[in-house]
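Q: here you go, sequence then predicted model.
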Amino acid sequence: MYLSREEEGIYQGERGETLRRMMEILVALGDIYGAEKLVPVRSVQIAGVSYKNIGEAGLEWISDLEGQVVVPSILNPAGMDLCRWQEMGIQEEFAQKQQQTIEAYRRLGVTIDCTCTPYQIYQGPSSLASPGDHLAWSESSAVSYANSVIGARTNREGGPSALAAALVGKTALYGYHLDENRLPTHLVEVEADLHGSDYGALGFLVGRTVKDGVPFFRLKGQRTVPDELKALGAAMAASGSVALYYVENVTPEPPGPWQPMETIRLGRKEIDEIYALYPAGGANAVALGCPHCSSEELEKIAGLLQGQKVQKELWVCTARKIAEAHPQLVAIIEESGACVFCDTCMVVSPATERFSRMMTSSGKALAYLPGLAGVGAGLGSLEECIDVALGRRQ
Ligand code: F3S
């Protein structure tokens, strides 16, 4: 891989041991994937934050690093709400380790926003991603949204490679950074009117089929809103490993002419089969906010809970900045007995392991709760999830 004189100097250790190690990671990835060179990144989103996932070895690795990030860098969700961890049932020892992890990132200059939806909290002039920008983001749903809905370019970075990109300010130019890897592989024609959680169910289905392909959706005439695109991409990234997709007349266009390897036709029947396969039955808690709730989603949840009392634990996960921007909505939700937790989620926190089955409206949580949290999962619309929490349905 070509390195400029400055990059070569970093690689040789002229700017210290941490940067040398970081450059080594970037060059190793570049060599493996055949990158020609490094490219500057606009922003970084770093995975490897929940102490549940990184453990002591990960904490030691991060704590060992020196220096400062050179591009805007934020974090993936942590293993707990950084302020209300006791209410979540998190043990003191875990909380201490999680706080140490956060402090290690803070020391490196990383902004302590722990969210999988950076595009919801940084918009307009403070945006972390615009069309055509090269990024180094980690969380799979954020990667999918950046590539597909924003039209930026990022691979799905691991924690170390994202941190390396943050400290060096560059990433290796391969994969989804290149036009040739951004052409659709599958055409997906959907003959059904889709609403809300249907997008998660559709994504769950398509991800399993196309795996790491690039699906191009032709939907039946409806207007798809950003939260639905967020849910679609998140589910495909979890049930498969889709990092880029297109929706005809909605997302940015593919970068050139393309021919599908395969055409997939789906309708209401196939989507309803997913709901039927994963019913609510036996759920002892409800989890919303995977990916983290937007302002609009918080508003909908508050509208459904206003004046009601939940009978089962209901977690609403969001970014701290979204919750802080809407104290009245948070108050309405919490008056019902539900909890709005920030900085974390139902999958990366060890606190959900006490539940045997959770009801969710998210295709991604449906895919990850059983495997990563050991919790059974049922899928339903937002309204059905709220009904389960309120005890109106089993
Ligand atoms: Fe975000 Fe956690 Fe879901 S990181 S996408 S809320 S699994």
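A: Yes, it's here.

Q: next helix or strand past the helix or strand containing residue 290?
A: According to DSSP states H and E, residue 290 maps onto strand 285-293. Later in the chain than strand 285-293, the nearest helix or strand by DSSP H and E is helix 295-305.

Q: contact residues of the stretch 101-250 of the chain facing the ligand?
A: Residues of the stretch 101-250 of the chain that fall close to the ligand, judged by Cβ under 6 Å from any ligand atom: 116, 139, 141, 234. All C-beta atoms are positioned from the backbone trio N, CA, C, and that covers glycine.

Q: enumerate every residue touching the third one.
A: Neighbouring residues of residue 141 by Cβ atoms under 8 Å, 6 or more residues apart in numbering: 116-117, 230, 233-234, 237-238, 291, 364.

Q: in strands only, show me those residues.
A: residue 291 (DSSP state E).

Q: skipping adjacent residues, who's closest to residue 258 in space?
A: residue 183 (4.3 Å; Cβ to Cβ, 6 or more residues apart in numbering).

Q: and the residue of the stretch 101-250 of the chain nearest the ligand?
A: Across the stretch 101-250 of the chain, the shortest distance to the ligand (Cβ to the nearest ligand atom) belongs to residue 116, at 3.2 Å.

Q: among the residues of the stretch 101-250 of the chain next to the ligand, which pair sits farthest apart?
A: Greatest spatial distance among these (Cβ to Cβ): 139 and 234, at 9.2 Å.

Q: looking at the two, which has the bigger crowd around it?
A: Ranked by neighbour count (other Cβ atoms under 10 Å), residue 139 and residue 234 place residue 234 first, with 32 against 28.

Q: isn't the more buried one up against residue 292?
A: No: contact criterion Cβ atoms under 8 Å: residue 234 and residue 292 do not qualify, at 10.2 Å.

Q: hey, what's residue 266 bridged with?
A: When assigned by DSSP bridges, residue 266 has beta-bridge partners residue 190.

Q: any idea how far it lies from residue 189?
A: The gap separating residue 266 from residue 189 is 7 Å, by Cβ to Cβ, to the nearest Å.

Q: before we move on, the earlier item: surely the residue of the stretch 101-250 of the chain closest to the ligand touches residue 142?
A: Yes: counting by Cβ under 8 Å, residue 116 does reach residue 142; the two are 5.2 Å apart.

Q: overlap of the contact sets of those two?
A: Shared contacts of residue 116 and residue 142, defined by Cβ under 8 Å, 6+ apart, comprise residue 291.

Q: if we can go back for a sec, which neighbours do residue 234 and residue 292 have in common?
A: Counting by Cβ under 8 Å, 6+ apart, nothing touches both residue 234 and residue 292.

Q: which stretches of the stretch 1-150 of the chain form helices?
A: 5-11, 17-33, 51-63, 85-88, 92-107, 118-121, 140-145 (DSSP state H, counting those that start in this stretch).

Q: would you mind finding the most buried of those helices?
A: Using mean count of other Cβ atoms under 10 Å, the stretch among these with the largest mean neighbour count is helix 140-145, at a mean of 28.

Q: give me the next element, helix or strand, following that one.
A: helix 159-168.

Q: roughly how far is that following helix from the heart of the chain?
A: Averaging C-alpha positions (Cα atoms, centre = their mean, to the nearest Å) puts helix 159-168 18 Å from its chain's average.

Q: residues making contact with that helix?
A: Outside helix 159-168, the residues within contact range by Cβ under 8 Å, 6+ apart are 10, 18-19, 21-23, 25-26, 29, 38, 41, 44-49, 54, 58, 61-62, 65, 67-71, 73, 108, 110, 136-138, 157, 171.

Q: ok, now with 6 Å
A: The contact list for helix 159-168, computed with Cβ atoms under 6 Å, 6 or more residues apart in numbering, reads 22-23, 25-26, 29, 41, 44, 46-48, 67, 69, 73, 136, 138, 171.

Q: repeat that for stretch 302-315.
A: Stretch 302-315 has contacts (Cβ under 6 Å, 6+ apart) with 285-287, 329, 332-333, 336-339, 341, 346, 386, 389-391.

Q: could you rerun that using 8 Å?
A: Stretch 302-315 is contacted from outside by 283-289, 328-329, 332-333, 335-339, 341, 346, 352, 355, 382-383, 386, 388-391, using Cβ under 8 Å, 6+ apart.

Q: cross these against helices and list the overlap.
A: Using DSSP state H, the members of the contacts of stretch 302-315 that fall within helices are 328-329, 332-333, 335, 382-383, 386, 388-390.

Q: out of those, who's near the ligand?
A: Counting by Cβ under 6 Å from any ligand atom, nothing from the ones in helices among the contacts of stretch 302-315 sits close to the ligand.

Q: which of these sits closest to the ligand?
A: Within those, the smallest distance to the ligand is 15.1 Å, found for residue 382 (Cβ to the nearest ligand atom).

Q: burial count for that closest one?
A: Counted by other Cβ under 10 Å, the residues lying close to residue 382 total 18.

Q: check the one 10 residues further on too.
A: As a burial measure, the neighbour count of residue 392 was computed by other Cβ under 10 Å and equals 12.

Q: any idea how far it is from residue 207?
A: Distance from residue 392 to residue 207, counting by Cβ to Cβ: 31 Å.

Q: ok, residue 285 next?
A: 25 Å.

Q: which of these two has more neighbours?
A: For residue 285 versus residue 207, the count of surrounding residues by other Cβ under 10 Å is larger for residue 207: 28 against 21.

Q: got the helices of the stretch 1-150 of the chain as JSON lines, with mean pLDDT columns?
A: Converted to JSON lines, the helices of the stretch 1-150 of the chain look like this (pLDDT from 0 to 100):
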{"stretch": "helix 5-11", "mean pLDDT": "98"}
{"stretch": "helix 17-33", "mean pLDDT": "98"}
{"stretch": "helix 51-63", "mean pLDDT": "98"}
{"stretch": "helix 85-88", "mean pLDDT": "98"}
{"stretch": "helix 92-107", "mean pLDDT": "98"}
{"stretch": "helix 118-121", "mean pLDDT": "98"}
{"stretch": "helix 140-145", "mean pLDDT": "98"}
